[in-house]
Each structure stands twice: as structure tokens, then as C-alpha cells.
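Student: Based on what follows, work out the 3D shape:
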Amino acid sequence: MLEDNVDFLNPQGRLLIIIHGKRGTTLKKLVKMKKKLRKKLDRKFKKEIFQMLYKCFCILPINHNKISILSDSRKTLSDNFRFVYNELEKRHNYEYYFLLKESVKTRKRYLEIIKLAYNMATSKVIMLDDFYPMVYPLKIRKNADLVQIWHAVGAFKTFGYSRVGKVGGPNPNSKNHKNYTKVIVSSSKVVPFYAEGFGVSEDKVIPTGVPRTDIFFDDNYKKEKRQQLYAKHPEFEGKKIFLYAPTFRGNGQSSAHFPMEMLNLDRVYEKLDDDSILLIKLHPFVKKRMHIPAEYQDKIKDFTKYPSVNDLLFITDVLITDYSSVCFEYALLNKPMIFYCFDLEEYIETRDFYIPYQDFTPGPIVRTCDDMIDKVIELKDIEQVDYKKFTDKFFENLDGKSTERVADLIDSCMASKSSTRQ
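Tutor: Here you go, the predicted structure:
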């Protein structure tokens, strides 16, 4: 009697051997042990070894012509990074080091970690655009700068140390964010919120404006993006476009999710007329996709993978959001928006806001999917809404020159021979 059964299969011309029985079980255990060992080694390399390497490389002189651009939220040079990089490229011949990963969960190879430690230790400026866990235990060198070019505009939902004591909030003794030497924001009105959220002093938070908003003041750019979208999706022309762009639920990138059932696709499809299309763009942190039945896809389309939500705003007639910062950018277009908040009380309890939500929102708040659809239909033919009071509060300068001001800030960091910070 044989202890093991062996199957020989040949799908697509490949030889595949499947082992059943004791040897198969042993092989599975070995694979599992290997994965576990690798994860343990990865953690040790990303923390202890990386930090030791950084300290060693700090013995080397700073390269006053080098900028490191790092992200654990995007794998391409896009949004704020792209605008600032393009502006700096026009001005100077700086050296750049890039390490861009799609997620904090995306594995960094050991060679990448070694190079990261070296380049962070020897760069004059390090630029981030989101949460970057590997940098926070580090002591930034005296004559270098760690600049947070935060991905979002404005501030109304609490984040970071403003959430101490709440579910999913940070330990007040955490080192996260506290070593930023400069943080760029959209307005002086939100400086106290970002200082509190990041655990830094207010003098480190600078209201330059947010580079990604400059395109809203560029008529040629807006026209070009509309033409590109219509060329790729000719079915959009002549239709009313509604964009549903909610934020994620959860405590951050690792736990991000969205309750898909709160958007009743049956009711949406039933109520929308043939001249309307709903685009759905979930937050990039949400990995699960919304399933849209084939018979609904003439009126409801999933655009979550579309790279830029801002470009979609240029063809949008009504924006539907909730607690997302996309409302700040959309307000620059002076078109109607709706706030669909099916979980407002729960969100206030777990996340909360710097400004009372009902006082903040520049559009109607609805609580059910039916009310949301009805309100969209009611507002779809309104072409202009006055958001001046709102935009004046959350934007320091409405001039389309935020990229230039951020580039000026980076240039000043690169030009400084010594640091006055403590």
C-alpha cells in the first residue's frame, strides 16, 4: 500500500505534480514555515537593520543636491509629487531618489531597504505625501528636511493625534509624524488642525496651498481632460454625470473598507433616466470592488481604478461624497454637491470633526440612498453654486500657483547651508 498518491497533470503544456498524503502535508508545512520565517526576517530588516543602516550612513556627508521622494500610497509619480517634481525639473538639475509603493503592505526588497537607508541619510530634502512608517523612528539630520506634502486638501475630519483616546487612535507617545520639519497645507485656517494631528509645532505648518489644486485654475488643462474622457467614453457626451466618491471606513490603509450595501444599485438604476450616468470611485485604500451587474452598466460604472479623481470632477455635474476631502477641490468648480452620510453618528463617535459637520458641509446632507438619488435628480440642472465663503476659508490663495510656492519652499530647503530648527 502506498502512503502517497501522485497526480501528473499537463494543463497548457506544463507538467504539474500534486502530492497527496504525508509528503504533501509535510511540504505544505515547510512552505508555511518558510513564509513565516520570511515575514519575521522582513520585519527585522525593515526596523532594526534599516534603522542601524540609517545611523551608519549618517556618518556620510549630506548631498546638498539630492531629494528623496517616497510614498507607501502610490506606485507612480502622480498628484502633488508630479506637479512639484515637474516644477523643480524646470528650475534645477537636482538629483532624485524615488521609492514609490502602492501600499504599506507592499513588500520592499532588502536591496531597496539598504538603498532607502542610504538615500534618506544623505538627502538634503526628503518628501512624503502620506503615512510612511519607516521614517518615523529616525532622527532627521540637522541640515536636512523631512517635508510632508500631504495628499489631501483642507481639514475637517480629525486625524493623527487629534484622535487620541478614540477607537483606532494613536498612542500619544508614538513617534509617528513628529519628525516632520515642514508640512504644507491649503490655508492658515487649518494650520492648528494639522499641527495637532501630526504632533508638530504650528511654525512647521506652512500654508503654501496644495499643488494638485492648480489644475482647477487652468482652463486649457480642464478642457484637455474633458476631451480625453469624452474620446475614451463617447457615451458620456450629452449625459448628466454624477460622481459618487466616498471616503473609506476603518482606521487606515490596512483596515480600509466600505459598506457596499449602502449604495442600492437596484434603486439607483431604477430612478436614473437614460440621460444620466453614475460613476463610482471608491477610495484607493478600499481593495474590494463594487460589483455592478452587467444589465446596469449602461447607467452605473465603476471608475475606482481611474487614476485621478480630480480629472473626473471636470465632467461631473453633481458630486456625491461624505467625509472625503474631494469636496474641497470640487468647490472650486462651483457645481452642486451632496453629502450622503448614512453613518454620521457612528462616524462622529469614532472619528469626529474639527468643525461640527452640519456647520461645515457646503451642500445638502442626506441619510438614505433613496434621498440621495432624489436630491441628485433635483440638483442635476443647476450649473452654478456660490461656494466663495467655503473656499475663502479653506484656500489661502485662489490663484493656481500652489506648485510654485511649494517648489519655492523646497528650493529654500535645498539652498540652506545650516538649520535653525531644534
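Student: In CSV, could you pull the C-alpha coordinates for the biggest strand by length in the chain?
Tutor: Criterion DSSP state E: the longest strand present in the chain is strand 63-71. Backbone C-alpha positions of strand 63-71 (Å, rounded to 0.1, in the frame of the first residue of the first chain) are rendered in CSV as follows:
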residue,chain,number,x,y,z
ASN,A,63,24.4,65.6,-0.7
HIS,A,64,23.1,69.2,-1.0
ASN,A,65,21.8,68.5,-4.5
LYS,A,66,19.7,65.4,-3.7
ILE,A,67,16.0,64.9,-3.0
SER,A,68,14.3,61.7,-2.0
ILE,A,69,10.7,61.2,-2.9
LEU,A,70,8.9,58.4,-1.0
SER,A,71,5.4,57.0,-0.8
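Student: Would you tell me what the next helix or strand after it is?
Tutor: helix 79-91 (DSSP states H and E).
Student: Packing partners of the following helix or strand past that following helix?
Tutor: Going down the chain from helix 79-91, the next helix or strand is strand 95-100, by DSSP H and E. Where contact means 3 or more CB pairs under 8 Å, 6 or more residues apart in numbering; DSSP states H and E, strand 95-100 is packed against strand 63-71, helix 110-122. In short, each C-beta sits where N, CA and C put it, glycine included.
Student: wait, which of these is closest to A155?
Tutor: strand 63-71 (20.3 Å; CB to CB).
Student: Note down every partner strand of the closest one and its orientation.
Tutor: Sheet pairing for strand 63-71, assigned by DSSP bridges, gives strand 95-100 (parallel), strand 123-128 (parallel).
Student: Show me what counts as buried in it.
Tutor: Neighbour counts over strand 63-71 (16 or more other CB atoms under 10 Å) mark N63, H64, K66, I67, S68, I69, L70, S71 as buried.
Student: starting at the chain centroid, how far to it?
Tutor: Using CA atoms, centre = their mean, to the nearest Å, the mean C-alpha position of strand 63-71 is found 21 Å from that of the whole chain.
Student: before we move on, the earlier item: can you lay out the helices and strands packed on strand 95-100 as a markdown table showing distance to F57 and mean pLDDT?
Tutor: Shown next, in a markdown table, are these (distance: least, CB to CB, whole Å; pLDDT from 0 to 100):
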| stretch | distance to F57 | mean pLDDT |
| --- | --- | --- |
| strand 63-71 | 11 | 98 |
| helix 110-122 | 4 | 97 |
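Student: among the ones you listed, which is nearest S187?
Tutor: strand 63-71 (23.7 Å).
Student: Touching the closest one from outside, list them.
Tutor: 77, 81, 85, 88, 93-101, 116, 119-120, 122-130, 132, 135, 410, 414 (CB atoms under 8 Å, 6 or more residues apart in numbering).
Student: wouldn't S188 be in contact with T208 here?
Tutor: No: S188 lies out of contact with T208 (CB atoms under 8 Å); the separation is 10.6 Å.
Student: Mind checking which of the two has more residues around it?
Tutor: Neighbours were tallied for S188 and for T208 using other CB atoms under 10 Å; the higher tally belongs to T208 (22 against 12).
Student: Can you classify the more buried one by secondary structure?
Tutor: Secondary structure, DSSP: H, G, I helix; E, B strand; the rest coil: T208 is coil.
Student: got the contact list for it?
Tutor: Here T208 is in contact with I184, V185, E396, S402, R405, V406, D408, L409 (CB under 8 Å, 6+ apart).
Student: Where is pLDDT lowest across these?
Tutor: For those, the model is least confident at E396; its pLDDT is 93.
Student: list the buried ones in the strand or helix carrying K375?
Tutor: According to DSSP H and E, K375 maps onto helix 369-379. Under the neighbour-count criterion of 16+ other CB under 10 Å, helix 369-379 has C369, M372, I373, K375, V376, I377, L379 buried.
Student: Settle this for me: the last one is touching I320, isn't it.
Tutor: Looking back up the chat, that one is L379. No: with contact defined as CB under 8 Å, L379 does not count as touching I320 (10.1 Å).
Student: Y110: neighbouring residues, count only.
Tutor: Y110 - counted by other CB under 10 Å - has 14 other residues nearby.
Student: scratch that, L272
Tutor: L272, neighbours per other CB under 10 Å, totals 21.
Student: Now do the contacts for it.
Tutor: Here L272 is in contact with L278, K299, I300, I373, I377 (CB under 8 Å, 6+ apart).
Student: I'd guessed the second one sits against K271; true?
Tutor: No: the pair formed by K299 and K271 falls short of the contact definition of CB under 8 Å, at 9.8 Å.
Student: Domain parsing of the chain, as residue ranges.
Tutor: 6-40, 58-213+402-415, 219-394 (automatic domain parsing).
Student: Out of the ones you listed, which is the most enclosed?
Tutor: Of the domains of the chain, the one with the most neighbours on average (mean count of other CB atoms under 10 Å) is domain 58-213+402-415, at a mean of 18.
Student: Now list whatever residues contact both of L379 and I320.
Tutor: Joint contacts of L379 and I320 (CB under 8 Å, 6+ apart) are I338.
Student: so for stretch 293-304, what's the average pLDDT?
Tutor: Mean pLDDT, stretch 293-304: 96.
Student: State the distance spanning the first to the last residue of that stretch.
Tutor: Taking CA to CA, to the nearest Å, the first and last residues of stretch 293-304 lie 16 Å apart.
Student: Serialize the domains of the chain to CSV and add fields for distance to E48.
Tutor: Shown next, in CSV, are the domains of the chain (distance: least, CB to CB, whole Å):
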stretch, distance to E48
domain 6-40, 12
domain 58-213+402-415, 10
domain 219-394, 21
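Student: Would you tell me which of the ones you listed gets closest to K47?
Tutor: Here domain 58-213+402-415 is closest among those (CB to CB), at 7.6 Å.
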